[in-house]
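Chemist: I'll drop the sequence and a predicted model, then ask my questions.
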Amino acid sequence: MPTADVANAERFERIGVVADARTAGRIRDEFAEWLRLFFTLDPIRSSDLILAINEALANCAEFAYVGADHVGTMDLRAWYDPSRSTIAVVVADRGSWRNPDSPSQLSRGRGIPLMEALSDSASIEATQTGTHVHLEWSNVARVLAG
């Protein structure tokens with residue numbers, strides 16, 4: 001799948017990017033720049049969004065394709081709804097959901113509670129064709145033009 005790079009005041013998309021730690025970091029930084037350019041967020045709120053997105057991307061990179069015989073991909077789609085003053089984000093992969101199967105894996109797992117705590121709404125949909133993490137933040141103002 002070809003990579004799609006879209007960023008404007010209404011949406012930010014990175015589609016079909018390689019699901020690895022380096023790419024996750026790059027996408028996180030690009031998303032942070034999108035927030036800075038187009039939205040009025042205080043430093044704490046901005047950090048909340050960036051950290052939650054980082055967790056979702058890191059989960060894709062680390063877990064979605066464990067044991068797969070191919071390099072996996074992930075998508076990040078974010079959009080702003082001006083009528084509701086919300087930013088919604090979906091981070092998706094085409095891998096499989098992984099349940100912890102060893103005691104050492106059970107001691108991890110702080111990413112999902114962190115995403116839930118940092119966003120106004122969070123949900124995860126795991127299917128046979130991949131996982132979708134849905135996050136939303138309300139009361140987000142756009143940068144005024146001019």
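Modeler: In hand now; what should we look at?
Chemist: who are the contact partners of the spatially closest residue to residue 129 that is not a sequence neighbour?
Modeler: The spatially closest residue to residue 129, leaving aside those adjacent along the chain, is residue 94, at 6.4 Å (Cβ to Cβ, 6 or more residues apart in numbering). Using the backbone N, CA and C atoms, a C-beta is placed for each residue, glycine as well. Listed by Cβ atoms under 8 Å, 6 or more residues apart in numbering, the contact set of residue 94 reads 64, 72-73, 129-130.
Chemist: extract the C-alpha trace of the lengthiest helix in the chain and format it as CSV.
Modeler: Selection of the longest helix in the chain by residue count, based on DSSP state H, yields helix 43-63. Coordinates of the C-alpha atoms in helix 43-63 are reproduced here as CSV (Å, rounded to 0.1, in the frame of the first residue of the first chain):
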residue,chain,number,x,y,z
PRO,A,43,1.3,22.6,26.7
ILE,A,44,-0.3,20.0,29.0
ARG,A,45,-3.2,19.3,26.6
SER,A,46,-0.8,19.1,23.6
SER,A,47,1.4,16.6,25.5
ASP,A,48,-1.7,14.6,26.3
LEU,A,49,-2.6,14.2,22.6
ILE,A,50,1.0,13.5,21.6
LEU,A,51,1.6,10.9,24.3
ALA,A,52,-1.7,9.1,23.6
ILE,A,53,-1.0,9.0,19.8
ASN,A,54,2.6,7.8,20.6
GLU,A,55,1.2,4.9,22.7
ALA,A,56,-1.2,3.8,19.9
LEU,A,57,1.5,3.9,17.3
ALA,A,58,4.0,2.1,19.6
ASN,A,59,1.5,-0.6,20.2
CYS,A,60,1.1,-1.1,16.4
ALA,A,61,4.8,-1.2,15.9
GLU,A,62,5.6,-3.5,18.8
PHE,A,63,2.7,-6.0,18.9
